[in-house]
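K.L.:
coordinates for the following, if possible.
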Amino acid sequence: MSSEDFSQTLDPTVPRLASEVTEADVRVGRRIRALRLERNLGLIDVAQRAGISVGALSQIERGLSSLRVRVLWPLAAALDVEPHSLLVDGADQESDLYCVRSANRRVLPVWSEGIRKELLSPPGATLTGLLVYIEPGGGTAEAYAHAGHEFGLVRTGEVELTIDNVLYTLKAGDSFAFKSTLRHSFCNTGSQPCEIVWVNTVKPSEVRNGA
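P.N.:
Numbering: from 1, shown residues only. Below is the predicted model of the structure:
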C-alpha cells in the first residue's frame, strides 16, 4: 500500500463501518499491535508518544481505521521503527500478531553456556513456545524454579533433565511436563546437539536460565 493510498483514507479517530474495513487495514493494525506488544508497551504509552488518542490507536490496531500519513511517522517513531516497516504486507512481515516465520524468530538471551533459545510464539500469546538448542556439555548452571507450568518434546539428541531432585534421561521422541515451581535443571551429556520444543505458561523475560 502506497503513501498516497494512506493519505486518501479516513481520519483514524472516526470508526469505519464493517463493510469499509479492508484486509490491508487489518494487516497493518495487527502489525502495529504486534510491534507494540514486542516492546511491552501499553496503548497509552504508544498513543502519548505518537500524539494521538488511545481510542484512535485502538481503532487502527483493530483495522477499524486506516493509517494516515500524518500519523504514520509519529507512530513509527513511538515504536522505534522505520515508517515503511509498518506498511510491510503479507508473508514479508517480520512481526505478526498470530504467526512467527522461521526466518524471523527472536533469539532470547540466556546466562548458561551452550544453550540457545528461539522464540516460537508471537507477541501477546498466552503460552511461550521456545526452540531450545543444547550443545554437548551445555546446560543450566544450577537448578531453578519459577511460576507456571511447562511442557517439552525432545526432537533430536538426548538430555538429562532433573525435576525435584529426580534425574530423567530423555531421548528423541520423549516428552515431559511439570509445574515450574519444582526446582529443575538440564544438561546435554551426549556427543550430539539436543533440540527441544519447550512450552511455558510464563513470559520469556520471567524465565532465567533455560526454557
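
K.L.:
and after the longest helix anywhere in the chain, which helix or strand comes next?
P.N.:
Longest among the helix segments of the chain by residue count, using DSSP state H, is helix 23-38. Moving toward the C-terminus from helix 23-38, the next helix or strand (DSSP states H and E) is helix 43-50.

K.L.:
angle of that following helix against helix 23-38?
P.N.:
Here helix 43-50 runs at an angle of 100 degrees relative to helix 23-38 (axes from the mean of the first three to the mean of the last three Cα atoms, to 10 degrees).

K.L.:
contacting residues around helix 43-50?
P.N.:
By Cβ atoms under 8 Å, 6 or more residues apart in numbering, the residues outside helix 43-50 that reach it are 36, 53-54, 56-58, 61, 71, 74-75, 77-79. Bear in mind the C-beta positions are built from the backbone N, C-alpha and C, glycine included.

K.L.:
surely residue 85 forms part of a helix?
P.N.:
Yes - if the criterion is DSSP: H, G, I helix; E, B strand; the rest coil, then residue 85 is within a helix.

K.L.:
excluding its backbone neighbours, what's nearest it?
P.N.:
residue 76 (7.1 Å; Cβ to Cβ, 6 or more residues apart in numbering).

K.L.:
may I see the buried residues of the host helix or strand of that neighbour?
P.N.:
Assigned by DSSP H and E, residue 76 belongs to helix 69-79. If you call a residue buried by 16 or more other Cβ atoms under 10 Å, then helix 69-79 has these buried ones: 71, 72, 75, 76, 78, 79.

K.L.:
let me see the contact set for the last one.
P.N.:
Okay, so that is residue 79. Here residue 79 is in contact with 32, 35, 36, 39, 41, 46, 86 (criterion: Cβ under 8 Å, 6+ apart).

K.L.:
now the helix holding residue 76 and helix 43-50, what's the angle there?
P.N.:
120 degrees.

K.L.:
just the CA trace of helix 69-79, in PDB.
P.N.:
Taking Å, rounded to 0.1, in the frame of the first residue of the first chain, the C-alpha atoms of helix 69-79 are listed here in PDB:
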ATOM      1  CA  VAL A  69       0.400   9.700   6.500                       C
ATOM      2  CA  ARG A  70       0.300  12.400   9.200                       C
ATOM      3  CA  VAL A  71       0.000   9.600  11.800                       C
ATOM      4  CA  LEU A  72       2.500   7.200  10.200                       C
ATOM      5  CA  TRP A  73       5.700   9.000  11.100                       C
ATOM      6  CA  PRO A  74       5.000   9.700  14.700                       C
ATOM      7  CA  LEU A  75       3.600   6.200  15.300                       C
ATOM      8  CA  ALA A  76       6.700   4.700  13.700                       C
ATOM      9  CA  ALA A  77       8.900   6.900  16.000                       C
ATOM     10  CA  ALA A  78       6.900   5.800  19.000                       C
ATOM     11  CA  LEU A  79       7.600   2.100  18.100                       C
END
